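Asks: Task: produce atomic coordinates for the following.
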Amino acid sequence: MQQRFRLRQSKDFARLRQEGRVYRHPFLVLSVAPNDLSHNRYGFVTSKHLGNAVKRNRVRRLLREAIRHLHPRLKPGFDVVMVVRDQLVGQPYSTVERTIVEMFRRSSMLVESE
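Replies: Here you go, the predicted model:
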């Protein structure tokens with residue numbers, strides 16, 4: 001994922017926590033808030049209770065890959081934070097991708113193709 005698409009600063013995460021619209025799923029929590037940019041930015045929260053660094057990094061890689069495929073179909077101009085829950089650890093890519101699509105559909109960010 002390109003650097004301009006990443007949320008890195010703690011003030012951005014704090015803003016999403018305060019102002020963002022939250023969508024919950026057993027695998028993850030999605031926070032969405034508009035930004036003043038022409039593209040989306042994405043951030044991932046994987047706490048230590050998910051497991052060791054190998055497990056956390058694998059979850060982040062799977063999420064980034066799912067976002068990379070889905071990004072062209074998403075409405076631009078939003079900041080998105082995904083907080084990973086325990087149940088997502090160890091899931092195959094197909095499950096992660098299906099969950100991400102469902103969450104973006106619920107948030108009305110996914111532009112359905114005709």
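Asks: Closest to the centroid, which residue in the protein?
Replies: The structure's the chain has its C-alpha centroid closest to Met82; by CA atoms, centre = their mean the separation is 3.8 Å.
Asks: Shouldn't that residue be within a helix?
Replies: No: the secondary structure assignment for Met82 gives strand rather than a helix, going by DSSP: H, G, I helix; E, B strand; the rest coil.
Asks: Correct me if wrong: it contacts Leu28.
Replies: Yes: if you go by CB atoms under 8 Å, Met82 and Leu28 touch, sitting 5.2 Å apart. For every residue, glycine as well, the C-beta is placed using N, CA and C.
Asks: What ranges does the protein have for its strands?
Replies: In the chain, the strands defined using DSSP state E lie at 21-24, 28-34, 41-45, 78-84.
Asks: before we move on, back to that, the residue nearest to the centre of the chain: what's it in contact with?
Replies: When contacts are counted by CB atoms under 8 Å, 6 or more residues apart in numbering, Met82 is found next to Leu28, Val29, Leu30, Ser31, Tyr42, Gly43, Phe44, Val45, Leu63.
Asks: Next, format these as CSV and append distance to Ser10, pLDDT and neighbour count.
Replies: Below are the contacts of Met82 laid out as CSV (distance: CB to CB, whole Å; pLDDT from 0 to 100; neighbours: other CB atoms under 10 Å):
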residue, distance to Ser10, pLDDT, neighbour count
Leu28, 20, 95, 23
Val29, 18, 95, 15
Leu30, 19, 95, 22
Ser31, 14, 95, 22
Tyr42, 15, 95, 19
Gly43, 10, 95, 18
Phe44, 14, 94, 19
Val45, 11, 95, 16
Leu63, 19, 95, 23
